[in-house]
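**Q** below are the sequence and a predicted model for it; my questions follow.
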Amino acid sequence: MTKLQLDSMDIDKAVHVAIKDGIVEFVEELLNYNPEFIWRKDKKGRTIFSHAIIFRQEKIFSLFYRLGTKKSLVASRHDVFHNNFLHLAAKLSPPAQLERVSGAALQMQRELQWYKEVESLVQPKFRDEMNESHRKPHTLFTDEHKDLAKEGEKWMKNTAGSSMIVGTLIAAVMFTTAFTIPGGNDQVSGRPIMLHTDSKAFMVFMVSNGLSLFASSTSVLMFLGILTARYAEDDFRVSLPTKLIFGIACLFFSIVTMMISFAAAMYLMLHKTLSWVTIPLIILSAFPVVLFSALQFPLLIEMVSRTYWPSIFDKHNKHI
């Protein structure tokens, strides 16, 4: 179709809606049948990939990697406001896209991932270009995301503070339990009495107690590191999520080992006299572990995938 025919059918509006709603099939078929459409600009001077950056549609922007040698030329386009690709990536995502990510800190992380990815694609000189408002891309990013950065800092500190209280309580309980062992100590040698009578169960109790104390103390230190962090923009990309991931993982491990220690203590004290009570108590001790997993594991998995997944873009080699 000619340019006049495309204009008469309002193709730019159709493409705009398709990109906004993430209909990658429409854009892919369009480029397969008419590859020259990558150069077409709308009234604001924006191409398909400009809109993909603005609306944060990573599946549509992944088609950019199929352009081969044309990538550098497409990435050098500017709109009528003198914005290059990096200026567009510096703008805040639409609310609908931000809501797909849990927590303000992870939203800030996703914004940084987009900005860094586009920064790696454009020519170095574009990083210092001024747009119509006389702002460089990084300055624009800071201005657009200052509120989100504050919300991310608040979210991280609230999460770390709440988890730190739990870790501190577990560490205190495990430290106390290590010196008030079941069965007491021998008056002559000072050794635990149950070390000789029920050695296997007692070793399970002591090892799990020590592991719980170690894991909970480590989690407290990680959460303390989050509370005292400087909260620079780039820290939201890897540093802060890594600390939170490690802290929550250690806290989960400390809860598991604490429940194992509790179950072993119940077995040591009751299995000879009240054996029918031992099994229900051991089964119930698994409930906090299951509850913590249900509440925190979805967030933990999301943080791991968003922080350590190779890329949010599909960089395959099939060329248009």
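**A** Sure, I can see it.
**Q** tell me the contacts of Asp12?
**A** Arg40, Asp42, Lys43 (CB atoms under 8 Å, 6 or more residues apart in numbering). In this view, the C-beta of every residue, glycine as well, is placed from N, C-alpha and C.
**Q** also Tyr267?
**A** Counted by CB under 8 Å, 6+ apart, Tyr267 has contacts Ala201, Thr278, Ile282.
**Q** try 7 Å this time
**A** Ala201, Thr278 (CB atoms under 7 Å, 6 or more residues apart in numbering).
**Q** quick check, Ser76 in a strand?
**A** No: with DSSP: H, G, I helix; E, B strand; the rest coil as the criterion, Ser76 is assigned coil and is not in a strand.
**Q** that one: how many residues sit nearby?
**A** Counted with other CB atoms under 10 Å, residues neighbouring Ser76 total 13.
**Q** also Leu86?
**A** Neighbour tally, Leu86, other CB under 10 Å: 25.
**Q** now do the contacts for it.
**A** Val118, Glu119, Val122, Phe126, Arg127, Pro137.
**Q** local confidence estimate at the last one?
**A** At Pro137, the model reports a pLDDT of 96.
**Q** OK, contacts around it?
**A** Leu86, His87, Ala90, Arg127 are the contacts of Pro137 under CB under 7 Å, 6+ apart.
**Q** buried among the residues you listed? Make that a PyMOL selection.
**A** Selection of buried members from the contacts of Pro137 for PyMOL, criterion 16 or more other CB atoms under 10 Å:
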select buried, resi 86+87+90
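**Q** reformat the contacts of Pro137 as a markdown table; add secondary structure, pLDDT and distance to Ile301.
**A** Formatted as a markdown table, these follow (DSSP: H, G, I helix; E, B strand; the rest coil; pLDDT from 0 to 100; distance: CB to CB, whole Å):
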| residue | secondary structure | pLDDT | distance to Ile301 |
| --- | --- | --- | --- |
| Leu86 | helix | 96 | 31 |
| His87 | helix | 96 | 34 |
| Ala90 | helix | 96 | 29 |
| Arg127 | helix | 93 | 34 |
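**Q** quick revisit: closest one of the contacts of Asp12 to Asn34?
**A** The nearest member of the contacts of Asp12 to Asn34, counting by CB to CB, is Arg40 at 8.9 Å.
**Q** tell me who's in contact with the residue lying closest to that closest one once chain neighbours are set aside.
**A** Excluding its sequence neighbours, the residue lying closest to Arg40 (CB to CB, 6 or more residues apart in numbering) is Thr47, at 6.7 Å. By CB under 7 Å, 6+ apart, the residues touching Thr47 are Ile38, Arg40, Lys41, Val74, Arg77.
**Q** surely Thr257 touches Leu213?
**A** No: contact criterion CB atoms under 7 Å: Thr257 and Leu213 do not qualify, at 8.7 Å.
**Q** ok, Met174 to Cys250 distance?
**A** Noted for Met174: a distance of 13 Å to Cys250, by CB to CB, to the nearest Å.
**Q** can you check Gln57 too?
**A** Going from Gln57 to Cys250 by CB to CB gives 36 Å.
**Q** what residue ranges in the stretch 101-250 of the chain score low on pLDDT?
**A** Low-confidence segments of the stretch 101-250 of the chain, defined by pLDDT under 70: 182-197.
**Q** what about Asp143, neighbour count?
**A** So Asp143, with other CB under 10 Å, has 14 neighbours.
**Q** doesn't it lie inside a helix?
**A** Yes: applying three-state DSSP, one finds Asp143 inside a helix.
**Q** and the gap between Lys43 and Leu30?
**A** Taking CB to CB, one finds Lys43 at 19 Å from Leu30.
**Q** neighbour count winner among the two?
**A** Leu30 (19 against 8).
**Q** tell me which element the more buried one falls in.
**A** helix 24-33 (DSSP states H and E).
**Q** and the next helix or strand past that helix?
**A** helix 48-54.
**Q** after that following helix, next one along is what?
**A** For helix 48-54, the succeeding helix or strand toward the C-terminus, using DSSP H and E, is helix 58-61.
**Q** for stretch 204-224, buried residues please.
**A** Quick answer for stretch 204-224 (16+ other CB under 10 Å): 204-206, 208-209, 211-220, 222-224.
**Q** picking up where we left off before, residues in contact with the helix holding Leu30?
**A** Helix 24-33 is contacted from outside by Ala18, Ile19, Phe37, Ile38, Ile48, Lys59, Ile60, Leu63, Ile320, using CB under 7 Å, 6+ apart.
**Q** inside strands: which ones of the buried residues of stretch 204-224?
**A** Among these, no member falls in strands (DSSP state E).
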